[in-house]
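Novice: okay, sequence plus prediction incoming.
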Amino acid sequence: MMEQTAEEFFHDFRQEMLADAEAGSTYQLEAFMDAASDELVETGFIDGFEHCPFRSPNGRLRVDGYWFNDEGALDIFVADFDCRRSLESLTRTDVDHIFKRSVKFFESSLEGSLKPDVTTPEYGLVHQIADRKSILRQVNFYLVSERILSDRVQALPDNKVGSIRATYHIWDIARFQRQRTSRGHKEPLNIDFIKLFGDGINCLPANLGDGSYQSFLIVMPAPILAKLYDLYSARLLEQNVRTFLQARAQVNKGIRNTILTEPQMFFAYNNGVTATAQGVETRIKDGHLQIVGMTDLQIVNGGQTTASLFHTQRKDKADLSGVFVQMKLSVIDSERSELVVPKISEYANTQNRVNAADFFSNTGFHIRMADFSRRIWAPAAHGSQRETKWFYERARGQYIDAQAKLTPGEQKRFKVEYPKPQMFTKTDLAKFENVFDDHPKWVNLGGQKNFVKYAQRIGKEWEKSSDGFNELYYRRAIARGILFRAAEKIVSSQPWYNGGYRANIVAYTLAMLGEMAKQREGSIDFQRIWNNQAVDDRMTRALEIIARAVHDDIIHPPQGISNVSEWAKKDGCWTRLLGKIEEIATMLPEEFWSDLATQDDAKFEVKTAKQVQKIDNGIAAQAKIMSISSTEWLKISKALSAKKILNPKEVGVLNIAVKIPKKIPTEKQCIVLLEVIEKAHKEGITVGEPA
């Protein structure tokens, strides 16, 4: 398939954005910023995004969004967007003018000369900038444009705004296209050690010559590792590690204590860092091998060590000059990186107390959800005769990739079967679920952190029993998604909505809805929502009432908290809202209560669905086991017996498998045999093609 031109990509990007704006009843600018920020969050350039559309009356100040991260840095976003119909050029003059307005906004906030109205989204941002002035170390300005940069300027040089380091980043249509079409869906991080530090890094080759991966052992000076983290922050960390760290305290007390009291012992006490790169550039200097450049350096284990070095140096003014860190570096080319890097990450982190859920290695759950989404037809929506499906994107870019090799006619049919508004991602699923399961605060922490919490929760449940993750669970998740997206549209259309805090209002509105039903010993009738593929008028009215009450409450945070988004992330926000639940409940129409399902009905449905899933699991296991020949089972049995890693139950069941088809294993025995196959894979024993 021929590569898209920039004009073709712009057209597709624009159509997607317009469809999203229509589906979510949002302004086109808001949909554009959502699309752009989602891309940057997913690929690790930023940790999160809050909408904050602000224009000063004189046009000299402008900001469209922001995010405070845990590293003492602030990201400020400004859009270059006018819903242009054709791809236009973005000049250096345009770039300077647009950045100037966002820099002026930041300066005015630091100085305290900007006095926005207390009810506006920018009020909280302005006050938070002023409040954090002493701890802000860096401000990153992002220009997000629907145009294409006319010259080769990718970023402007760093400078200072006040006493704070400022960096500048331009994301034009061409860069978004490169990002989306790159093999790893990630723009590589390239490091020039000579340019940054004046010299290369001494290393020892640790590979066995031709035919194996290049690998190196490095004694990394801690100041260099801390500086790299200072410059590149979360981009330096492989995605699983990055997301894991976001959900936990950044500084390990033991690491900090060693740096401060026994820096000379750090190398001996610390496990070191495991890292990968897609390429390295080396040289010989004074008889020593040095690494002078790396392409796409990623830390896959030791993220907390790296972050702790940086924070201890910054907060405690620690001297890192005598501290060294062992680094094991594997060079994995881009062809294999998506397959190999997650494995290195998973295996390298098994020494730490990090369970499977933290690293989302529980792919069985995601595969099952994707399987449901490819085969379960949703009922035809009101006014339509055509049934459709929802598309679960368990790996980034699957929705687009699924259409890449289709003819125009096939693409049209695909979009009819899987409409774009019915595509949902892992982070979407985490929002739909957590908001109804007593965790609205998590949803307000941002997509990545919320997903960590969801993965931890479902990982534990999956390990206990996977039967609960069945077709009912899938249909209920879709119904929750329909309700979630309906609430977004409802909030956007309210006369009191001023363009800010929609995500916070929606999360708490739906959490309140679920809690109200529970307190009346009922539950939301998700089956009805699934059947209708929509929210009815009575539910719409209830959502309008609750959303107004939630909005009126959360825009008045307690004394000492100026930013509504920050207040929404605290336990106190949910606790205060729960105290008003009875008062809000009396405002709901009687028809809302009569529409609730009973908890007994809901429990019966869950129980039945688990039983069906158990049968499905057994049938699937039996089909898999019966597809493998007795010869293959004999090979597995001999190989694993020689390694003495089979327990008595597995030996007994394997004795049946080697006699297939004369003997047929039971469903329970087939489940055991699946575990045997897993053991074989871990021992490097390949199970041949099905018989």
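Specialist: Okay, I see it. Numbering: from 1, shown residues only.
Novice: report pLDDT for the most centrally placed residue in the chain.
Specialist: Nearest to the geometric centre of the chain sits Q448, at 3.7 Å (C-alpha atoms, centre = their mean). Listed pLDDT for Q448 reads 75.
Novice: now swap in A234 and tell me
Specialist: Note for A234: predicted pLDDT of 68.
Novice: also I344?
Specialist: 62.
Novice: same thing with H185?
Specialist: We note a pLDDT of 50 for H185 in this prediction.
Novice: do Y229 as well
Specialist: 87.
Novice: burial count for it?
Specialist: 23 (other C-beta atoms under 10 Å). From N, CA and C alone the C-beta is placed, and that goes for glycine too.
Novice: thought it was touching S308?
Specialist: No: the pair Y229 / S308 is not scored as a contact, 9.7 Å apart, by C-beta atoms under 8 Å.
Novice: residues making contact with stretch 47-55?
Specialist: For stretch 47-55, contacts defined as C-beta atoms under 8 Å, 6 or more residues apart in numbering pick out 29-30, 33, 37, 40-41, 61-67, 69-70, 75, 77, 105, 116, 120-122, 125, 234, 246, 446-449, 499-500, 502-503, 565.
Novice: give me the mean pLDDT for that stretch.
Specialist: Per-residue scores along stretch 47-55 average to 86.
Novice: right, and the helix or strand after the lowest-mean-pLDDT helix or strand in the chain?
Specialist: When the helices and strands of the chain are compared on mean pLDDT, DSSP states H and E, helix 239-246 comes out lowest with a mean of 51. Sequence-wise, the next helix or strand downstream of helix 239-246 (DSSP states H and E) is helix 253-261.
Novice: residues in contact with the helix or strand following that next one: which ones?
Specialist: Next along the chain after helix 253-261, taking DSSP H and E as the criterion, comes helix 266-269. Contacts with helix 266-269, where a contact means C-beta under 8 Å, 6+ apart, come from 219, 222, 258-259, 262, 323-326.
Novice: for helix 266-269, buried residues please.
Specialist: The neighbour-count check on helix 266-269 (16 or more other C-beta atoms under 10 Å) flags 266-267 as buried.
Novice: for it, list the C-alpha coordinates in PDB.
Specialist: What follows is helix 266-269, C-alpha atoms only, in PDB (Å, rounded to 0.1, in the frame of the first residue of the first chain):
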ATOM      1  CA  PHE A 266      25.400   3.300  46.100                       C
ATOM      2  CA  PHE A 267      26.900   1.000  43.400                       C
ATOM      3  CA  ALA A 268      27.200  -1.900  45.900                       C
ATOM      4  CA  TYR A 269      23.700  -1.500  47.300                       C
END
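Novice: just how off-centre is that helix within its chain?
Specialist: Taking C-alpha atoms, centre = their mean, to the nearest Å, one finds the center of helix 266-269 at 33 Å from the center of the full chain.
Novice: kindly report the same for stretch 124-142.
Specialist: Its chain's average C-alpha position is 24 Å from that of stretch 124-142, according to C-alpha atoms, centre = their mean.
Novice: repeat for stretch 570-587
Specialist: Centre to centre, stretch against its chain (C-alpha atoms, centre = their mean), the figure for stretch 570-587 is 29 Å.
Novice: using CSV, write out the CA atom coordinates for that stretch.
Specialist: What follows is stretch 570-587, C-alpha atoms only, in CSV (Å, rounded to 0.1, in the frame of the first residue of the first chain):
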residue,chain,number,x,y,z
LYS,A,570,-8.8,14.3,46.2
ASP,A,571,-10.8,12.0,48.4
GLY,A,572,-12.4,14.9,50.0
CYS,A,573,-14.2,15.9,46.8
TRP,A,574,-16.0,12.5,46.6
THR,A,575,-16.7,12.5,50.3
ARG,A,576,-18.3,16.0,50.2
LEU,A,577,-20.5,15.0,47.2
LEU,A,578,-21.7,11.8,49.0
GLY,A,579,-22.9,14.0,51.8
LYS,A,580,-25.3,15.7,49.4
ILE,A,581,-26.6,12.5,47.7
GLU,A,582,-30.0,12.5,49.5
GLU,A,583,-30.6,16.1,48.7
ILE,A,584,-29.8,15.6,45.0
ALA,A,585,-31.9,12.3,44.9
THR,A,586,-35.1,14.2,45.9
MET,A,587,-34.7,16.3,42.7
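Novice: L320: how many residues sit nearby?
Specialist: The number of residues packed near L320 is 21, by other C-beta under 10 Å.
Novice: an error on my part: the question was meant for P661.
Specialist: 9.
Novice: confirm it sits in a helix?
Specialist: No: read with DSSP: H, G, I helix; E, B strand; the rest coil, P661 is coil and lies in no helix.
Novice: how about the host helix or strand of W567: buried residues?
Specialist: Assigned by DSSP H and E, W567 belongs to helix 564-568. Along helix 564-568, these residues count as buried under the neighbour rule (16+ other C-beta under 10 Å): 564-568.
Novice: now those residues in JSON lines, with distance to S86 and pLDDT?
Specialist: Rendered in JSON lines, the data for the buried residues of helix 564-568 read as follows (distance: C-beta to C-beta, whole Å; pLDDT from 0 to 100):
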{"residue": "V564", "distance to S86": "38", "pLDDT": "85"}
{"residue": "S565", "distance to S86": "36", "pLDDT": "85"}
{"residue": "E566", "distance to S86": "41", "pLDDT": "85"}
{"residue": "W567", "distance to S86": "43", "pLDDT": "89"}
{"residue": "A568", "distance to S86": "40", "pLDDT": "89"}
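Novice: would you format those residues as CSV with distance to S466 included?
Specialist: Shown next, in CSV, are the buried residues of helix 564-568 (distance: C-beta to C-beta, whole Å):
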residue, distance to S466
V564, 39
S565, 36
E566, 37
W567, 38
A568, 33
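Novice: quick check, nearest of these to N252?
Specialist: Nearest to N252 among these, counting by C-beta to C-beta, is E566 at 25.1 Å.
Novice: quick revisit: next SSE downstream of the helix or strand hosting the residue nearest to the centre of the chain?
Specialist: Taking DSSP H and E as the criterion, Q448 maps to helix 447-464. Counting by DSSP H and E, the next helix or strand C-terminal to helix 447-464 is helix 471-492.
Novice: in that next one, what counts as buried?
Specialist: 472-492.
Novice: touching, F13 and R175? I think so.
Specialist: No: if you go by C-beta under 8 Å, F13 and R175 don't touch, sitting 11.9 Å apart.
Novice: returning to what we had before: now do the helix holding Q448 and helix 471-492, the angle between them.
Specialist: With axes from the mean of the first three to the mean of the last three C-alpha atoms, to 10 degrees as the basis, helix 447-464 and helix 471-492 are set at 160 degrees to each other.
Novice: please shift the residue numbers so they start at 609 in all later answers.
Specialist: Sure, I'll start counting at 609 from here, so that last one is helix 1055-1072.
Novice: helices or strands up against the helix or strand harbouring K1126?
Specialist: For K1126, the host element (DSSP H and E) is helix 1110-1127. Applying 3 or more C-beta pairs under 8 Å, 6 or more residues apart in numbering; DSSP states H and E, one finds that helix 1110-1127 contacts strand 658-663, helix 1048-1051, helix 1079-1100, helix 1145-1162, helix 1172-1176, helix 1179-1186, helix 1189-1193.
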